[in-house]
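**Student:** heads up, no residue letters with this:
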């Protein structure tokens, strides 16, 4: 579970900002809180802000740090992290490293992982484990090549020689089977993930959809039904074959070159619709997936992510969850995560949005609502929670947000001023 994430000097975040998933003050909507391992953590958090205020950059910060951990073992010597961009509107910061920090719990142990880097190298890296109330340092890396080890020094001394300037020691140590970094690395690999949309379906999910004995189809049908979409059945024909690389098949949906051959995925998806005619007779019609509405396609693609989240602990971070979804469906998804009988794995959902219908203190706690705002003079983004304002439990926060009380909204001139500018 994520406790907090901090970022500094990355894209529009010049100064350090922190998104905290710890419960703040207040006892409202207590079912939105996970109480575990001595901590009270939020199940969901939502981030509002004007266009270009930094919402998407927050998602990019998460994504950048996660991908660097996952891909560190793959980057060649001298390779660059080209997607790592500092704050460029300052003569100092554009030449400084970016900083990322995660505090989280995995397998009942709290960890703090920090690193600073630019496109060329890693500068600092720290991993602390909280086996007790006090942190135990696993390793500290400074000035790129200086390391300190408080435990297993002999083993770690041999591993640092296998690391390079542009690689994270966390990933290198795990790759060489150091057990005290393994859980942390796997948390980045398997537990936390980011999405900018749910328009694509993985081959693994398609294969699971095609298995009639699997519960994914049942879950997706239930989700579609709750969304008031009357689909009675889902038919997925998924076939994967190795094909001669010299042949071209126009009907293949995707391919990956493997050992001189093409690994091809041939997919056909149809959904059964129940329709009543004028005489009240039921009829069933198959509709190809490509002919379905964008909302239906998004829910079909979203179903595997939700099912996995409710079966094992995940942190899902999404940019604009409301894309192609009715506002009521966004509210419904939040309620799924906040419901302890559905979200038994205590997964967390963080998303950036413009959907103001969920600005409701009957749905969300004050500490679950966050804002991004960019200073138009300096170009610097800030991130702050609603509960940093004196907000009453019964306050109409939708009205307060629209009226600019909390900032994070665009100030748009009157249309008539457009004519005056000409």
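**Tutor:** It's in. Since the structure is predicted, the reported quantities are computational estimates derived from the model, not experimental observations.
**Student:** contacts, neighbours, all on C-alpha from now
**Tutor:** OK.
**Student:** mind checking pLDDT for residue 357?
**Tutor:** Looking at residue 357, its pLDDT stands at 89.
**Student:** got a list of what the nearest residue to it once chain neighbours are set aside touches?
**Tutor:** Using C-alpha to C-alpha, 6 or more residues apart in numbering and skipping the chain neighbours, the partner closest in space to residue 357 is residue 327 (6.7 Å). By C-alpha atoms under 8 Å, 6 or more residues apart in numbering, residue 327 lies in contact with 355, 357-358.
**Student:** let me see the contact set for the closest residue to residue 119 other than its chain neighbours.
**Tutor:** Spatial nearest neighbour of residue 119, chain neighbours left out: residue 81 (4.4 Å); criterion: C-alpha to C-alpha, 6+ apart. Contacts for residue 81 (C-alpha under 8 Å, 6+ apart) come out as 68, 118-120.
**Student:** so which of the residues you listed sit within helices?
**Tutor:** Those of the contacts of residue 81 mapping onto helices are residue 68, per DSSP state H.
**Student:** nearest to residue 363, of the contacts of residue 81?
**Tutor:** residue 68 (35.1 Å; C-alpha to C-alpha).
**Student:** what packs against whichever strand or helix holds residue 47?
**Tutor:** Here residue 47, judged by DSSP states H and E, is contained in strand 44-49. Applying 3 or more C-alpha pairs under 8 Å, 6 or more residues apart in numbering; DSSP states H and E, one finds that strand 44-49 contacts helix 55-71, helix 327-338, strand 348-352, strand 369-374.
**Student:** following element in sequence after the last one, please.
**Tutor:** Yep, that's strand 369-374 we're talking about. Criterion used, DSSP H and E; the element after strand 369-374 is strand 381-385.
**Student:** and the angle from that following strand to strand 369-374?
**Tutor:** 160 degrees (axes from the mean of the first three to the mean of the last three C-alpha atoms, to 10 degrees).
**Student:** output the contacting helices and strands for strand 381-385.
**Tutor:** Using 3+ C-alpha pairs under 8 Å, 6+ apart: strand 381-385 touches strand 17-20, strand 369-374.
**Student:** so which of the contacts of residue 81 is the closest to residue 373?
**Tutor:** residue 118 (24.9 Å).
**Student:** now do the closest residue to the closest one other than its chain neighbours: how many residues are near it, please.
**Tutor:** Closest residue to residue 118 apart from its sequence neighbours, by C-alpha to C-alpha, 6+ apart: residue 97 at 4.7 Å. Using other C-alpha atoms under 10 Å, residue 97 has 23 other residues around it.
**Student:** from what I can see residue 97 touches residue 120, true?
**Tutor:** No. Judged on C-alpha atoms under 8 Å, residue 97 makes no contact with residue 120 at a distance of 9.7 Å.
**Student:** report pLDDT for the residue nearest in space to the middle of the chain.
**Tutor:** Geometric centre of the chain, nearest residue: residue 317, 2.1 Å, by C-alpha atoms, centre = their mean. Note on residue 317: pLDDT of 95.
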